[in-house]
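Enquirer: Just a sequence and a predicted model for now, questions to come.
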Amino acid sequence: MRGSVIGSGSFGTALANVLAVNCEEVRLWGRESSVVEAINTQHENPTYLKGIPISERVRATNDLQEALAGSELVVLATPSHATREVVAKAQAYLPRHVPIVTVSKGIENGTLLTMTELLEDCLPEEFHPYLAVLSGPSFAKELARRMPTVVTIASHWDKVALRCQKALQTETFRSYTSTDVVGVQYGGALKNVIAIAAGMADGLGMGHNARAAIITRGLAEITRLAVRKGANPLTLSGLSGMGDLVLTCTGELSRNRHVGMELGKGRKLPDILADMKEVAEGVKTARSAHELEVKTGVELPICHQVYLIAHEGKSARTAVVDLMTRQPKSELAGV
């Protein structure tokens with residue numbers, strides 16, 4: 001079996017390593033020539049996964065046609081804001097009738113499309129039944145080091161999810177299948193926004209009580225919006241909801257939590273992002289969450305405050321006061 005991974009950042013590289021367990025060859029596409037060369041000559045991605053060996057079955061390339069030729073499973077691991085551009089370039093080379101799995105956790109600004117909806121918008125209808133999404137609590141460094149990781153793979157067509165599950169199953173990587181494509185994606189995208197809020201509370205020194213409240217009420221927000229968009233609420237209590245939310249709000253490897261912590265300490269967002277090698281998806285998703293709140297009328301108070309801090313210059317400390325002094329209500333109201 002031959003697999004393809006489009007995107008040579010930390011998560012794409014880590015998943016290429018997972019695929020290599022069950023594939024004779026994995027082609028990994030990346031933009032950066034230095035990364036491609038290092039993977040092929042040193043079997044390491046020193047930019048994003050320094051010191052972690054990469055399987056010799058993984059071959060990197062800058063050529064999309066070469067990366068996709070003969071593939072029996074395609075993983076899209078580009079940042080959400082770059083996915084439309086990359087898919088447009090890759091479309092002519094995408095194999096027919098094979099699963100195309102997106103692992104990007106975002107909602108496109110402007111269109112407010114999830115990643116599978118974006119792919120449906122970009123690709124001819126013949127590709128649509130083969131689309132899937134992989135999401136759940138999974139830091140790339142731990143995944144690449146073969147530490148136990150469990151995720152969800154969702155597709156509207158059971159057969160596609162099962163094919164992905166079989167290709168990615170290893171002794172240290174386990175997946176569960178789902179048909180709730182909406183719920184899995186909203187959980188994966190919006191938890192990044194909540195993680196920025198949790199990081200801000202940590203940066204402000206507000207303690208464990210505040211962090212637990214943000215996680216719990218953040219899950220309520222995610223569930224409200226996801227259900228409005230057609231999700232099964234039980235999905236949000238699973239791996240791609242609560243599981244991913246807890247990891248991203250508490251883990252030291254979380255890029256979104258890091259952004260929040262630095263904002264809580266008073267640093268400006270452009271300076272924080274300039275120091276980061278990889279994308280913190282929650283920054284852009286906060287804008288999409290704000291637009292979805294306006295469009296749907298679903299109340300997202302934590303996401304709204306993150307949007308105001310990240311994009312309107314509001315102070316984190318003032319945002320906390322505004323959240324704490326909102327009108328009292330029943331805990332289960334609207335959940």
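Expert: Here it is on my side, so go on.
Enquirer: tell me the secondary structure for Arg59?
Expert: Following DSSP: H, G, I helix; E, B strand; the rest coil, Arg59 is assigned to strand.
Enquirer: Could you report the distance from it to Gly203?
Expert: 41 Å (CB to CB, to the nearest Å). All C-beta spots, glycine's among them, are computed from the backbone N, C-alpha and C.
Enquirer: neighbour-wise, which of these two wins?
Expert: Gly203 (20 against 17; other CB atoms under 10 Å).
Enquirer: what's the nearest residue to the more buried one if we skip its chain neighbours?
Expert: Once flanking residues are discounted, Gly203 sits nearest to Gly264: 2.2 Å by CB to CB, 6 or more residues apart in numbering.
Enquirer: As a check, name the ranges of all strands in the stretch 101-250 of the chain.
Expert: Under the criterion DSSP state E, counting those that start in this stretch, strands of the stretch 101-250 of the chain are mapped to 131-135, 149-154, 173-178.
Enquirer: ok, the shortest one: who's next to it in the sheet?
Expert: Based on DSSP bridges, the pairing partners of strand 131-135 within the sheet are strand 100-102 (parallel), strand 149-154 (antiparallel).
Enquirer: Tell me which of these sits nearest to Val182.
Expert: Minimum separation from Val182 across the strands paired with strand 131-135 (CB to CB) falls at strand 149-154, 8.6 Å.
Enquirer: List the buried residues in that closest one.
Expert: For strand 149-154, a neighbour-count test (16 or more other CB atoms under 10 Å) marks Thr149, Val151, Thr152, Ile153, Ala154 as buried.
Enquirer: Stretch 307-323 too?
Expert: The neighbour-count check on stretch 307-323 (16+ other CB under 10 Å) flags Tyr307, Leu308, Ile309, Ala310, Ala316, Ala319, Val320, Leu323 as buried.
Enquirer: With stretch 33-51 instead?
Expert: Val35, Val36, Ala38, Ile39, Glu44, Asn45, Thr47, Tyr48, Leu49.
Enquirer: same deal with stretch 82-90?
Expert: For stretch 82-90, burial by neighbour count (16+ other CB under 10 Å) applies to Thr83, Arg84, Val86, Val87, Ala90.
Enquirer: can you check stretch 276-285 too?
Expert: Taking 16+ other CB under 10 Å as the basis for neighbour counts, the residues of stretch 276-285 that come out buried are Val279, Ala280, Glu281, Gly282, Val283, Lys284, Thr285.
Enquirer: Make TSV from the residues you listed and add pLDDT to it.
Expert: Below are the buried residues of stretch 276-285 laid out as TSV (pLDDT from 0 to 100):
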residue	pLDDT
Val279	88
Ala280	92
Glu281	94
Gly282	95
Val283	96
Lys284	96
Thr285	97
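Enquirer: which of these lies closest to Gly183?
Expert: Distance ranking of the buried residues of stretch 276-285 against Gly183, using CB to CB, places Thr285 first at 15.9 Å.
Enquirer: Check which element follows the helix or strand where that closest one lies along the chain.
Expert: Taking DSSP states H and E as the criterion, the element that holds Thr285 is helix 281-296. Sequence order places helix 301-312 as the next helix or strand after helix 281-296, per DSSP H and E.
Enquirer: Excluding its own residues, what touches that next one? List them.
Expert: Helix 301-312 is contacted by residues 190, 193-194, 196-197, 200, 214, 217-218, 221, 260, 263, 269, 282-283, 286-287, 289-290, 293, 314-316, 319, 322-323, 326 when judged by CB atoms under 8 Å, 6 or more residues apart in numbering.
Enquirer: Tell me what angle that helix forms with helix 281-296.
Expert: Taking axes from the mean of the first three to the mean of the last three CA atoms, to 10 degrees, helix 301-312 and helix 281-296 form an angle of 110 degrees between their directions.
Enquirer: Run the chain-centre distance for helix 301-312.
Expert: With CA atoms, centre = their mean, to the nearest Å as the basis, helix 301-312 stands 19 Å off its chain's centre.
Enquirer: just stretch 79-93 next, same as before
Expert: Computed by CA atoms, centre = their mean, the chain-centroid distance of stretch 79-93 equals 16 Å.
Enquirer: ok, the nearest residue to Met242 once chain neighbours are set aside to Asp271 distance?
Expert: Leaving aside its sequence neighbours, Met242 sits nearest to Leu219 (CB to CB, 6+ apart; 6.0 Å). Relative to Asp271, Leu219 is positioned 30 Å away (CB to CB).
Enquirer: Of the two, which one has the most company?
Expert: Looking at Leu219 and Asp271 with other CB under 10 Å, you find the greater number of neighbours at Leu219, namely 22 against 9.
Enquirer: Pick out the residue nearest the middle of the chain.
Expert: Here the mean C-alpha position of the chain is nearest to the C-alpha of Lys105 (CA atoms, centre = their mean), at a distance of 2.5 Å.
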